[in-house]
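1. One predicted model, sequence on top.
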Amino acid sequence: MPAEEPNLFLLGSSHRVASLEEREKISLPADSIDDFYKGLQELPGLKESLVLNTCNRTEIYVSGNGSPPLDPVREYLMNFRGLDNAFLEKHTYRRQGEAVVKHALEVTSGIDSQMVGETEILGQVKDAYDDALNRESTGKVLNRVFQKSFQAAKWARTHTGISRGQVNLGNVICELARRIYGEMKDCRFLAVGSGEVAEMTVEAFSSRGSQAITITGRTFDWCPLSRNKPSELAEKVGGFTLGFDSFKESLHLFDVVLCSTAGTDPILPYETVRKAIAKRPARPLFLIDVSMPRDVDQSVSNLESVYLYNLDDVSSIANENLKSRQAEVAKCREALEQKAGQIWNQLLFPSKPPA
Amino acid sequence: MDFNDARTLLWIASTLYGGALLAGLALASKERKLPALVSFCLILFAYSSHTRGLYLRGLEVHGCPLGNGMERIQFILWSVVTGYLIMRILFRLNLLGSFAAGLAGVGGALSLLSPGLDSGYWLEPGYRRLFSGPWIELHASVAIFSYGLFALLAVVSVMYMVQQKSLQIKRTGALGAHLPSINQLETASQRLLLVGVIFLTASIVVGSMHWTRSPDSVSSVKLWVTIGLWIAYCGLWYLHFRQRLYGKKFAKACVALFVLAILSLGFVRSAPERQETAPQPSVEDAS
């Protein structure tokens, strides 16, 4: 039997038990984290603590002596956020011992995320851990749990398919463009229209190093919002704007063209695309049409070197990738459970070498 | 197992190439059980065994081993893998290694399985050496090396067609996602074609010096087949350079021309040099 069994507890709320509005009530505002930690560290019986506060989850990991310190933590959170007991009881979960280790591993690996396998959570957990380290609020128990969880996250991404394939529409379009052009920095991107998908895609291209992003769109002089939208989007990513009336003449200068206007007539008929491709016969042209009704004449897909995708095509790839990730979750969870068991044993018997 | 026997080493190489193909496919599959380095290491071990096997055969036949069908196929496959290893320095094309290893594994095994392809010509009485001079040997080996580059070009072209098809049918198959981009494959094809044409031209220049001295030593069929193939590859490069032929049609042309080049090998085979004591067929190069 271990000389002193480590106490490890978790109180948390995530998208699994709370809606966005409910999570907003529990979530800790960024400027209140300092105060929250100060009060937390003063709670009786609590030796170590770590707060993970993201848009999808608020979790408090604690380790202490003797009796379970979760009740004071819950009471403290309730008072700090001004919540009532029933609300917190309904929209939070508790874990203890080995289950906390398993949960930390699942969260860090991204299998507990809303978008299964997303990688952002690993960075968020690392930030939360660094923050806790700086505050000297972690000790041998939480240090071991989180350091091991980073290793487990890396293992899960490498050895299972939980992060395979893109699930965000902008990233799916980027991945398709990569399969055509390779490096994104050499890829010239034009967004015709500046809707939600265009914004998502522009950001995805920009984050991958694309340096030639151009935005054009139908604008109406009487409407300041419409007039400014392409410029605002271009400014956001350091791109350029192009007049809507003249973009067809410049079509041959672009590699990826995303059409997302709200017009009723096709803006890219067969002849326009054929003329553009004739000026650059050996370089492929990737057209994505996410408009309804469609902006690009469907017959352009018959042209050599033209790849035409519509919203259904891109969405079905994203859904396929998501299904593929979800299929890997059970396998990953099983492996993480074993790892959690090993980590917990190491915490119980620190002198025993790991298997 | 005799590790000083050329055939044993070539069998080991084929088996390891096969293993590299399977490792590459495992990487591309959803399971992804193996690290990328496994496939590359298998290719390196196979290549070492392949090189050693050809070297030992070269010692036996006293020249570059190009005297029978099995040797020519093995030399072409060795050139394919050499080309891949050089290209890997320029591009990170992991799956090209799997494709090249697959070709080398299957092609190598088939050539070793056919006893008729590996006649022991060097064991025949009166055999002296495979080539009548070092220039002919250089001509033959450079020509066969260019065939290896054209084989690799055909492999890259097949990869291009797979990637292009997978993009057109809008499916995210495991293979398409792991293949290099359309642009990278087309650039690789262009460079391989240029280097292959340069090697073939060099081989023809060296061979023509021998031909001008003794025109009877080269049959007219061989001459026309060689010139025809050279013109075809030069034409292909020109059409691609001028952007008259590109994309899928260019890839198809590369594969078709390689098939023709392989079929033409039957017309350009060599006969070994023998001692002067008995009348023997004239010495031809092996290109």
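-> Perfect, I can see it now. Residues are numbered from 1 along each chain as shown, chains lettered A, B, ... in the order given.
2. Now do the same for stretch A:261-276: mean pLDDT, whole number.
-> The average pLDDT within stretch A:261-276 is 87.
3. That stretch: how far from the chain's middle?
-> Chain-centre distance of stretch A:261-276: 34 Å, with C-alpha atoms, centre = their mean, to the nearest Å.
4. Could you export it as CSV, keeping only the C-alpha atoms?
-> What follows is stretch A:261-276, C-alpha atoms only, in CSV (Å, rounded to 0.1, in the frame of the first residue of the first chain):
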residue,chain,number,x,y,z
THR,A,261,-21.6,36.2,-53.7
ALA,A,262,-25.3,36.5,-53.2
GLY,A,263,-26.2,37.4,-56.8
THR,A,264,-28.7,35.6,-59.0
ASP,A,265,-26.6,35.3,-62.2
PRO,A,266,-23.4,33.3,-62.6
ILE,A,267,-20.5,35.6,-62.4
LEU,A,268,-18.0,33.2,-64.0
PRO,A,269,-19.5,31.7,-67.2
TYR,A,270,-17.7,29.1,-69.2
GLU,A,271,-16.1,31.5,-71.7
THR,A,272,-14.6,33.7,-69.0
VAL,A,273,-12.9,30.8,-67.4
ARG,A,274,-11.8,29.3,-70.7
LYS,A,275,-10.2,32.6,-71.7
ALA,A,276,-8.4,32.9,-68.4
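5. got the buried residues for that stretch?
-> Residues of stretch A:261-276 classed as buried by neighbour count (16 or more other C-beta atoms under 10 Å in any protein chain shown): A:Thr261, A:Pro266, A:Ile267, A:Leu268, A:Thr272, A:Val273, A:Ala276. From N, CA and C alone the C-beta is placed, and that goes for glycine too.
6. ok, it near chain B or not?
-> No - applying C-beta under 8 Å from any C-beta of the partner chain, one finds stretch A:261-276 out of contact with chain B, separated by at least 15.0 Å.
7. Of the buried residues of stretch A:261-276, which belong to strands?
-> Taking DSSP state E, every one of these sits outside strands.
8. contacting residues around whatever residue of the stretch 51-200 of chain B ends up closest to chain A?
-> Relative to chain A, the nearest point of the stretch 51-200 of chain B is B:Ser181 (3.8 Å; C-beta to the nearest C-beta). Residues in contact with B:Ser181 (C-beta atoms under 8 Å, 6 or more residues apart in numbering or on different chains) are A:Arg178, A:Arg179, A:Ile180, A:Tyr181, A:Gly182, B:Gln163.
9. The last one: which element?
-> This points to B:Gln163. Per DSSP states H and E, B:Gln163 falls inside helix B:134-168.
10. Show me what that helix packs onto, helices and strands only.
-> Contacts defined by 3 or more C-beta pairs under 8 Å, 6 or more residues apart in numbering or on different chains; DSSP states H and E place helix B:134-168 against helix A:169-181, helix B:69-90, helix B:94-113, helix B:174-178, helix B:182-213, helix B:247-264.
11. For that helix, give the mean pLDDT please.
-> In this model, helix B:134-168 carries a mean pLDDT of 90.
12. now do stretch A:107-120
-> 86.
13. same question, stretch A:316-333
-> Stretch A:316-333 comes out at a mean pLDDT of 85.
14. B:Leu66 belongs to a strand?
-> No - going by DSSP: H, G, I helix; E, B strand; the rest coil, the assignment for B:Leu66 is coil, not a strand.
15. That one and B:Ala140 touch, don't they?
-> Yes - counting by C-beta atoms under 8 Å, B:Leu66 touches B:Ala140, with 5.3 Å between them.
16. Show the contacting residues for residue 202.
-> In the absence of a named chain, this looks at chain A. By C-beta under 8 Å, 6+ apart, the contact set of A:Val202 is A:Gly170, A:Phe189, A:Ala191, A:Ile213, A:Ile215, A:Leu233, A:Lys236, A:Val237, A:Gly239.
17. Hmm, no, I was thinking of chain B.
-> Counting by C-beta under 8 Å, 6+ apart, B:Ala202 touches B:Val142.
18. Which ones among the buried residues of stretch A:261-276 map onto helices?
-> A:Thr272, A:Val273, A:Ala276 (DSSP state H).
19. And the residue of the stretch 51-200 of chain B closest to chain A, how close does it get to A:Val125?
-> B:Ser181 sits 33 Å away from A:Val125, taking C-beta to C-beta, to the nearest Å as the criterion.
20. Residues of chain B that sit close to chain A?
-> Counting by C-beta under 8 Å from any C-beta, chain B sits next to chain A at B:30, B:32-33, B:163, B:167-168, B:170, B:172, B:176-177, B:179-184, B:186, B:243, B:246-249.
21. Could you grab the helix/strand/coil label for A:Lys323?
-> helix.
22. That one: how many residues sit nearby?
-> Residues lying near A:Lys323 (other C-beta atoms under 10 Å in any protein chain shown) number 13.
23. quick one: it from A:Glu175, how far?
-> In terms of C-beta to C-beta, A:Lys323 sits 16 Å off from A:Glu175.
24. ok, residue 119 - contacts?
-> With no chain named, the answer covers chain A. A:Thr119 makes contact with A:Gly110, A:Arg157, A:Ser163, according to C-beta under 8 Å, 6+ apart.
25. my bad, chain B
-> Counted by C-beta under 8 Å, 6+ apart, B:Ser119 has contacts B:Asn68.
26. can I get the helices and strands packed on helix B:134-168 in CSV with distance to A:Tyr129?
-> Listed next are the helices and strands packed on helix B:134-168 as CSV, based on distance: least, C-beta to C-beta, whole Å:
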stretch, distance to A:Tyr129
helix A:169-181, 26
helix B:69-90, 39
helix B:94-113, 34
helix B:174-178, 33
helix B:182-213, 39
helix B:247-264, 50
